[in-house]
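Trainee: everything below, folded, please.
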Amino acid sequence: MNPFEYANDLIKKKDYDGEYIRESKDYKPFFINRSLSYYPDLIFHANMMNENPMIEVKAHYDFLHQVVEKKSRKKQYWIKVKKLEDLEIVKEYYNYSNKRALESLNILTEADIQYMRGKMLKGGKSP
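Mentor: Down below sits the predicted model:
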């Protein structure tokens, strides 16, 4: 199993084999914590495990197995680089905050952003 399958197992509560975890070489607590941190309701638990890096792998797995509720979760990924560039354009064009600009990006089309990009074009030498 890879570390992300262990995290998926913790979330969906399919199997539990504590003895296998103790002997497993591919159980990496850092990757488990990182995978769990994508879910807003599990960030606290992942951070708690990050604060205790010297804990045994079986204890790490047992703790997370007990505290993580079994439920369907939608993974929230980090914002993409292209969206960050568009965010800066919207912020500068409308003089918005980060939060307001992110809300606006959901409404604006690619054509709107291209229009703003053209309006925001600053003069200077071309290459």
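Trainee: alpha carbons only for contacts and neighbour counts from here, please
Mentor: Noted.
Trainee: right, and H45 touches F63 too?
Mentor: No. Because the distance of 9.1 Å does not satisfy C-alpha atoms under 8 Å, H45 is recorded as not touching F63.
Trainee: what helix or strand is F31 on?
Mentor: In this assignment (DSSP states H and E), F31 forms part of helix 29-36.
Trainee: now that helix: buried residues?
Mentor: Within helix 29-36, the residues scored as buried using 16 or more other C-alpha atoms under 10 Å are P29, I32, N33, R34, S35, L36.
Trainee: what's near enough to touch the first one?
Mentor: What it means is P29. If a contact means C-alpha atoms under 8 Å, 6 or more residues apart in numbering, then P29 has V57, H60 as its contacts.
Trainee: which other helices and strands does the strand or helix carrying D9 contact?
Mentor: If you go by DSSP H and E, D9 is part of helix 3-12. Applying 3 or more C-alpha pairs under 8 Å, 6 or more residues apart in numbering; DSSP states H and E, we find helix 3-12 packed against helix 29-36.
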